[in-house]
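*Asks:* Build me a model from this:
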Amino acid sequence: MKNTTKTAITHIVTAIIIVAIIIVAVGAYFLIAGIPRSSSTPTKTYNVAYLSWDLSIGGGFFVNLTNTLQATLSTYGINLKVFYAADPATQASQADALLSATPKYDAVIISALDYNAIIPKNVNFNKNGIPVFYICCGPNETALQQAGGSYINLVEQDNVRSAADEARFVVAYLESHNFAKPYTIVILNGAHSTTPALQRAQGVHEVLDPLVAEGIVKIVSEQYGDWTSPTAKSEMDSILAANPNINIDVVLTTQDAMAVGAVASLKAAGKLNNPTVVVGHDCVPSGLTLVKTGDMLACYINTGSQQAYWTGQIVANYLLRGLIPTMHDMNVFAGVATTSNVTAAQKLPGLPAGTYPSGANVLPHTYSDATSSGGNAPSDISYLVIVAGPFSSLSLISEDLTRYL
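*Replies:* Numbering: from 1, shown residues only. A predicted model of the protein is given here:
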């Protein structure tokens, strides 16, 4: 009897071991074969609309942004249809047309041309069940909430902080090069109805206004260059004509396309770098060219590609995984490019740590995790990042601006 029982137990144990081996073998097969537990390939075709600024605005910023956004979403089989507009009225009409599109769009990404005019369109998307995302240029959040509207996520540069850093760089440069006080500065802002223009003007004034009060800085003129080179050149021509006896130390522009116009005006007047220097923002191709040739002192890096990459990842994770970022608004930072470091290109991190809840099944992405040293950028996308090291969050790494001088 004991032998029979022992034999039966042996057979049972053997059977369990065999079943366990089979389970392990099958699991190993799936792992080795590369069959995912949950595919990142959509079970349906997702169609996303992007309401963009016209490519003629911003000196190439939206070219970089659109190309990267398209490339990122296509990685996951998501179709992107881009609608370009040069004015708020056209963008509003495009938004209305999207609501009656067949098939219905699964999501809409917006770069608002007017942060107030977009609000009723956002509300309409909400009412029709179309998720809204913003990139670069968000809405008037207070007014949107009062109207009962909402959006999933906004990715942009912290325009206030970056413009403040640009202004600090300007002051540090003037101090270190022994310019006479008060420092004379001209400011060229973007279109006054756009969120980035308002925020960047705020950042500039947070730094300069106290210095104006102390008599350290004099703002000779502040005008709107409307994000374009021709308008900026015209404004700079008028400023020079109105102030023939004032030596302007710096023209601080809050976007490179306007810097291009300012440079052209100063060159024609024989005042570029004699003594007037120009500082830009975004480091778009035209801006980088001016920095490399010495026609522009520096530009704050914001190529658009970083924002587009993260927006693409967020939209894909929302559509394919149902994941909503823990950070409602995400800010991208880089640094200042000058002639000494303009060719420096370093690796970008992947999605920032803390973007999604711990353990969330996030889609695989091109770059490595944010806590690592970063992965390689795709060969068809050019990134310029001066700030080195891993990013554990999207907070600007504290740095001494004098290192750029």
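*Asks:* Can you name the helix or strand that Gln313 falls in?
*Replies:* helix 305-321 (DSSP states H and E).
*Asks:* now His281
*Replies:* strand 277-282.
*Asks:* Which strands or helices does that strand pack on?
*Replies:* Judged by 3 or more Cβ pairs under 8 Å, 6 or more residues apart in numbering; DSSP states H and E, the packing partners of strand 277-282 are helix 159-176, strand 250-253, helix 256-268, helix 285-293, strand 298-301. C-beta here means a position set from N, CA and C on the backbone, and glycine is covered the same way.
*Asks:* The ones you listed into TSV, with extra columns for mean neighbour count and mean pLDDT?
*Replies:* Converted to TSV, the helices and strands packed on strand 277-282 look like this (neighbours: other Cβ atoms under 10 Å; pLDDT from 0 to 100):
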stretch	mean neighbour count	mean pLDDT
helix 159-176	21	90
strand 250-253	28	98
helix 256-268	25	96
helix 285-293	20	86
strand 298-301	27	85
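*Asks:* Would you format those as a markdown table with distance to Gly59 included?
*Replies:* Formatted as a markdown table, the helices and strands packed on strand 277-282 follow (distance: least, Cβ to Cβ, whole Å):
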| stretch | distance to Gly59 |
| --- | --- |
| helix 159-176 | 16 |
| strand 250-253 | 11 |
| helix 256-268 | 3 |
| helix 285-293 | 4 |
| strand 298-301 | 11 |
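*Asks:* quick one, which of those is nearest to Ser93?
*Replies:* Proximity of these to Ser93 was assessed by Cβ to Cβ; the nearest stretch is helix 256-268, lying at 24.8 Å.
*Asks:* Dump that closest one to CSV, restricted to CA.
*Replies:* Taking only C-alpha atoms (Å, rounded to 0.1, in the frame of the first residue of the first chain), the coordinates of helix 256-268 have been written out as CSV:
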residue,chain,number,x,y,z
ASP,A,256,14.4,84.2,-33.7
ALA,A,257,12.4,85.2,-36.7
MET,A,258,12.1,88.7,-35.2
ALA,A,259,15.8,88.6,-34.5
VAL,A,260,16.4,88.1,-38.2
GLY,A,261,14.5,91.2,-39.0
ALA,A,262,16.3,93.2,-36.3
VAL,A,263,19.7,92.0,-37.6
ALA,A,264,18.8,93.1,-41.1
SER,A,265,17.7,96.6,-39.9
LEU,A,266,20.8,97.1,-37.8
LYS,A,267,23.1,95.9,-40.6
ALA,A,268,21.6,98.4,-43.0
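*Asks:* Could you list the buried residues of the helix or strand following the helix holding Gln313?
*Replies:* As assigned by DSSP H and E, the chain's next helix or strand after helix 305-321 is strand 329-332. For strand 329-332, the neighbour count (16 or more other Cβ atoms under 10 Å) marks Met330, Asn331, Val332 as buried.
*Asks:* can you check stretch 122-133 too?
*Replies:* Asn122, Val123, Asn124, Phe125, Asn126, Ile130, Pro131, Val132, Phe133.
*Asks:* Hmm, Ala316 and Leu73 touching each other?
*Replies:* Yes - between Leu73 and Ala316 there is a contact under Cβ atoms under 8 Å: 6.3 Å.
*Asks:* Next, count neighbours for Tyr356.
*Replies:* 19 (other Cβ atoms under 10 Å).
*Asks:* cool, and Asn247?
*Replies:* Neighbour number of Asn247 under other Cβ under 10 Å is 13.
*Asks:* Now the phi/psi pair for it, please.
*Replies:* phi -80, psi 110 (degrees, to the nearest 10).
*Asks:* surely it meets Val277?
*Replies:* No - if you go by Cβ under 8 Å, Asn247 and Val277 don't touch, sitting 11.6 Å apart.
*Asks:* where does the stretch 201-350 of the chain dip in pLDDT?
*Replies:* Applying pLDDT under 70 to the stretch 201-350 of the chain flags residues 303, 333-334, 341-350.
*Asks:* Okay then, goodbye and thanks.
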